[in-house]
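1. here is my input; please provide its structure:
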Amino acid sequence: MKKLPIGIQTFHRLIREGYCYVDKTPLIHEMVESGRYYFLSRPRRFGKSLLVSTLKSAFQGEKALFDGLYLEHQWDWDRRHPVVHISLGGGVVEDREMLDAKLNEFIETHLEQHEIELNSASLSGRFSELIRRLHDKYQQPVVVLVDEYDKPILDGIVADQPARALAMREGLKSFYSVIKESDEYLQFVLLTGVSKFSKVSLFSGLNNLEDITLNARYATLCGYTEAELSTVFADYLVDVDLEALRDWYNGYNFLGDKVYNPYDVLLYLKNRVFRAYWFETASPSFLIKRLPPNPATRRRSTAPCKRGVSTTCATFFTPFSPPFPTTGIAKTVSPNTKAIMRRWSTVISPPLVWTSPPKMSPTGGVSTSRYVWADGCS
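-> Model prediction:
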């Protein structure tokens, strides 16, 4: 029996050490064949880092890792691309100097790995020159993968330091603008994060990204579909109440097919206890901190939700706030959602009152803005 990949974010480790892997390479192949510049937003602990790692292994030509997967016979393994991989998820960046130092450390790591030297002094200049020199050395266009692109900004928001967040935004804006200027040297670009900042702020210098966050073609790029869960994790589903599992963890909706929350599913299969695992450890604290001061959220209504409320949607983009009603709710509200709704009443202060029922998207997710995060909404 293969192991449950709890906390595993590196593709080559997952494959080599015998962990369960849900094959997302058909969608990866479609991405690579149909475009070059992408942006993807997903909740924390939803598989973004594993996706980035899988792309890295594919572009580096690590064919052996893809034995038995869709990409094995759908990829040109004779072409190997240099990959610039930057992950901003680790640690807390306190100020602009720390941000610049961290980005320079990533550049230095790639210089050592590829044995090249740079002449530029500025951070953006070094990043630009790194891309050019990698292209010239290997005579192949470069792949740029940025994971948790927004975390330094969100750290400033969590700390309630808007000036710090603004400084991080300006620093990253300058850094990311290099990508657009380097088009002739690039093969593929993907930025991932948990939020999307407008093109007039962070991405004004990088406005050629295709946002696939709510593209139905890629709705299942992260998370587990019903079919994937029942096949890849079949050995772990013996004696599992599948209906209860579905009620608790299925229903994330990105305007396509619904997916299970992978973090919740994996911890349930390990512990065999239904709990709101994801919310207890991965909820977006930066938005929880921003909700209480907003008086626009304090609108009263006693109307129940007919289909169920997306707690993750409420966390991210809803104009209504806890405490949510936990009685008189339609049966279609999942136990996971009810548990999180109760928990919200203890983490939001001052208390806020639920407003009118959420607007439902055509696919059943809860939407009050451009985004749909449907946790347990059926």
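2. now do stretch 9-28: distance from first to last residue.
-> Stretch 9-28 has an end-to-end distance of 16 Å (Cα to Cα, to the nearest Å).
3. I'd like the average pLDDT over it.
-> Along stretch 9-28, the predicted local confidence has a mean pLDDT of 97.
4. again with stretch 214-227
-> Regarding stretch 214-227, the rounded mean pLDDT is 95.
5. report the buried residues of that stretch.
-> Buried residues in stretch 214-227, counted by 16 or more other Cβ atoms under 10 Å: 214, 215, 218, 219, 220, 221, 222, 223, 224, 225. All C-beta atoms are positioned from the backbone trio N, CA, C, and that covers glycine.
6. which residues touch that stretch?
-> Residues from elsewhere that reach stretch 214-227, judged by Cβ atoms under 8 Å, 6 or more residues apart in numbering: 22, 24, 27, 30-31, 40, 42, 46-48, 51, 212, 228, 232-233, 246, 250, 252-262, 265, 370-372.
7. got the residue ranges for the strands in this protein?
-> For the chain, the strands defined by DSSP state E cover 37-41, 83-87, 142-147, 186-193, 210-211, 250-252, 259-260.
8. lowest average confidence across those strands, which one?
-> When mean pLDDT is averaged over each of the strands of the chain, strand 250-252 scores lowest at a mean of 85.
9. in its sheet, which strands sit next to that one, and in what direction?
-> Using DSSP bridges, strand 250-252 pairs in its sheet with strand 259-260 (antiparallel).
10. so how far is the strand it pairs with from its chain's centroid?
-> How far strand 259-260 lies from its chain's middle: 14 Å, per Cα atoms, centre = their mean, to the nearest Å.
11. what does stretch 108-123 give?
-> Average the C-alpha atoms of stretch 108-123, do the same for its chain, and the two points are 29 Å apart (Cα atoms, centre = their mean).
12. in it, what's buried?
-> For stretch 108-123, by 16+ other Cβ under 10 Å, it's 110, 111, 118, 123.
13. excluding sequence neighbours, find me the nearest residue to the last one.
-> Which is residue 123. Spatial nearest neighbour of residue 123, excluding adjacent residues (Cβ to Cβ, 6 or more residues apart in numbering): residue 100 at 5.3 Å.
14. what distance do you get for that neighbour to residue 186?
-> Distance, residue 100 to residue 186, using Cβ to Cβ, to the nearest Å: 23 Å.
15. sorry, back to before: just put the buried residues of stretch 214-227 in CSV and tack on distance to residue 70.
-> Written out in CSV, the entries for the buried residues of stretch 214-227 read as follows (distance: Cβ to Cβ, whole Å):
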residue, distance to residue 70
214, 24
215, 19
218, 15
219, 18
220, 14
221, 13
222, 17
223, 18
224, 16
225, 15
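16. from these, pick the one nearest residue 64.
-> Of all those, residue 64 sits closest to residue 221, with 23.5 Å by Cβ to Cβ.
17. could you measure that closest one against residue 137, distance?
-> Distance, residue 221 to residue 137, by Cβ to Cβ: 31 Å.
18. what's the answer for residue 166, then?
-> With distances defined as Cβ to Cβ, the gap from residue 166 to residue 137 amounts to 37 Å.
19. and residue 2, by the same measure?
-> Distance, residue 2 to residue 137, by Cβ to Cβ: 38 Å.
20. residue 172 reaches residue 151, doesn't it?
-> No - with contact defined as Cβ atoms under 8 Å, residue 172 does not count as touching residue 151 (9.9 Å).
21. picking up where we left off before, got a quick PyMOL command for the buried subset of the contacts of stretch 214-227?
-> A single PyMOL command is used to select the members of the contacts of stretch 214-227 judged buried by 16+ other Cβ under 10 Å:
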select buried, resi 22+24+27+31+40+42+46+47+48+51+212+228+232+233+246+250+252+253+254+255+256+258+259+260+261+262+265+371+372
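22. residue 11 contacts residue 57, correct?
-> Yes - the pair formed by residue 11 and residue 57 meets the contact definition of Cβ under 8 Å, at 4.9 Å.
23. what do these two both touch?
-> residue 65.
24. partners of the closest residue to residue 213 other than its chain neighbours in the sheet?
-> For residue 213, ignoring the flanking residues on the chain, the nearest one in space by Cβ to Cβ, 6+ apart is residue 41 at 4.4 Å. Counting by DSSP bridges, residue 41 forms beta bridges with residue 193.
25. distance check, residue 41 against residue 273.
-> If you go by Cβ to Cβ, the gap between residue 41 and residue 273 works out to 30 Å.
26. higher neighbour count, these two?
-> When residue 41 is set against residue 273 and neighbours are counted by other Cβ atoms under 10 Å, the residue ahead is residue 41, at 22 against 8.
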